[in-house]
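Attaching a predicted model along with its sequence, questions to come.
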Amino acid sequence: MSDSGFPSVQVSGPEASWYRGDCHIHSVYSDGELTPEQLAADARTAGLDFIATTEHNSADAHGAWGHHATDDFLILLGEEVTTKTGHWLALGIAPGQVINWDYRVGDELIDRCLDQVHASGGLCVAAHPHAPYPSGSFMYPYKGLDVVEVWNGLWTSDRPWNADNEAALAEWGRGIAEGIHAGSWRPAMGNSDTHLEGQIGVPHTVVLAEDLSTPAILAGIRAGRSWIAESAAVDLSLTAVAAGRNAGIGEHLATCGEPVMVRAHIRGVPSAAVSFHTDRGKVHREVLPESGVGTAEWYTTSEDSAFVRIEVRHPQGPMAALTNPIVLT
């Protein structure tokens, strides 16, 4: 179980599909420059299947989004809760629901607010935990949070991957190793934090869900059945196979002590480096062809590796994609 009481893995059924979504965007209803209509159109152009409206400390925009949702384009209701000592996302809250933001570490109010979101069936995400501005750095313990936003987009930077994200990823990587050994782990996600034109979907989270609905998408994110892409041009799969069984991202693989073959297929990142990571750190690296289409394989055992995840980076080092882990038992 996760710290918030949700199951850490929910195995997907045969009808599940991968959906792309951006769960951190701002419109003219807070400090963004685009209308909901413009953002919805841009999200579709960027190849997204869902987005979340996350204005700062407000539900004013909730009513403005309804007519932009369709059977093939989901809009989740949310809020960016900008406390005095860190921001977090409340995703999947009720229409008009506003989560309190006027507190800081030591006030002992955040747990009550997280409980309110969970009571509504929602998800709590630590946002941009190493943002370099006052109140942007996340100073609370992650306990009670469901997910960590390890990749936050362009917003005030001209680079979709920067040192702040590198720090968040390293911190999450250490935490996930500790969590898995303790019997629980907290998934990662990536969002654009869109404020300006051209930012939406850079990056976004690709989620395996039973269908394109708020409960199903949140369940996939909560379980870690997801990976992060810099754009819809990037695609990947990650599978671990042992003892006649196989598992994908966010799932457990019972190895029965047999050797494990881990295989990654990647498309859309020319000459990229694919690295495999476990609780021992980075353990293997391969370079993709110039075409950007390739397969990387690595072998391990559950004795040597408690989990495995991958990162896909451009030749100069910026991230192109990264996954949540497959847990080996």
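Alright, I've got the coordinates.

same for the helix or strand Val81 falls within, what does it pack against?
Using DSSP states H and E, Val81 falls within strand 74-83. Applying 3 or more Cβ pairs under 8 Å, 6 or more residues apart in numbering; DSSP states H and E, we find strand 74-83 packed against strand 17-25, strand 50-53, strand 86-91, helix 214-223. (Glycine included, C-beta is placed from N, CA and C.)

Looking at these, spot the one closest to Thr255.
Closest to Thr255 of these is helix 214-223 (Cβ to Cβ; 20.1 Å).

and that closest one, how far from the chain's centre?
In terms of Cα atoms, centre = their mean, to the nearest Å, the centre of helix 214-223 is found 11 Å from the chain centre.

Can you check what angle separates that helix from strand 74-83?
50 degrees (axes from the mean of the first three to the mean of the last three Cα atoms, to 10 degrees).

strands paired with whichever helix or strand comes after helix 214-223, and their directions?
Downstream of helix 214-223, the first helix or strand assigned by DSSP H and E is strand 226-229. Paired with strand 226-229 in the same sheet, following DSSP bridges, are strand 204-209 (antiparallel), strand 319-323 (antiparallel).

same question for strand 226-229, mean pLDDT?
Strand 226-229 comes out with an average pLDDT of 98.

now what about the helix or strand following it, what contacts it?
Downstream of strand 226-229, the next assigned helix or strand under DSSP H and E is strand 235-242. Counting by Cβ atoms under 8 Å, 6 or more residues apart in numbering, strand 235-242 makes contact with 227, 229, 246-249, 253, 255-256, 258-268, 302, 308-310, 312, 321, 323, 326, 328, all of which sit outside it.

try 6 Å
Residues from elsewhere that reach strand 235-242 (Cβ atoms under 6 Å, 6 or more residues apart in numbering): 246-249, 253, 255, 258, 260-268, 310, 321, 323, 326.

Can I get the buried ones among these as something I can paste into PyMOL?
Provided next is the PyMOL selection string for whichever of these are buried by 16 or more other Cβ atoms under 10 Å:
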select buried, resi 247+248+249+253+255+260+262+264+266+268+310+321+323+326
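
Filter the contacts of strand 235-242 down to the ones in strands?
Counted as lying in strands by DSSP state E, out of the contacts of strand 235-242, are 246-248, 253, 260-267, 310, 321, 323, 326.

any idea which of the residues you listed is closest to Gly179?
When the ones in strands among the contacts of strand 235-242 are compared against Gly179 (criterion: Cβ to Cβ), the nearest one is Ile326, at 14.4 Å.

Was I right to think the closest one contacts Ala247?
Yes: applying Cβ atoms under 6 Å, one finds Ile326 in contact with Ala247, separated by 5.3 Å.

and the closest residue to Ala127 other than its chain neighbours, how far is that from Ile228?
In space, and not counting its chain neighbours, Ala127 is closest to His87: 4.4 Å by Cβ to Cβ, 6 or more residues apart in numbering. Counting by Cβ to Cβ, to the nearest Å, the separation of His87 from Ile228 is 19 Å.

re the thing from before, among the strands paired with strand 226-229, which is the most enclosed?
strand 204-209 (a mean of 28; mean count of other Cβ atoms under 10 Å).

returning to that earlier point: and Asp146, which of the strands paired with strand 226-229 is closest to it?
strand 204-209 (13.1 Å).

how about the closest one as CSV, C-alpha atoms only?
Extracted C-alpha coordinates of strand 204-209, given in CSV (Å, rounded to 0.1, in the frame of the first residue of the first chain):
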residue,chain,number,x,y,z
HIS,A,204,3.4,15.1,-20.2
THR,A,205,2.5,11.8,-18.5
VAL,A,206,1.5,8.7,-20.5
VAL,A,207,-0.9,6.6,-18.4
LEU,A,208,-2.1,3.0,-18.8
ALA,A,209,-5.8,3.1,-17.8
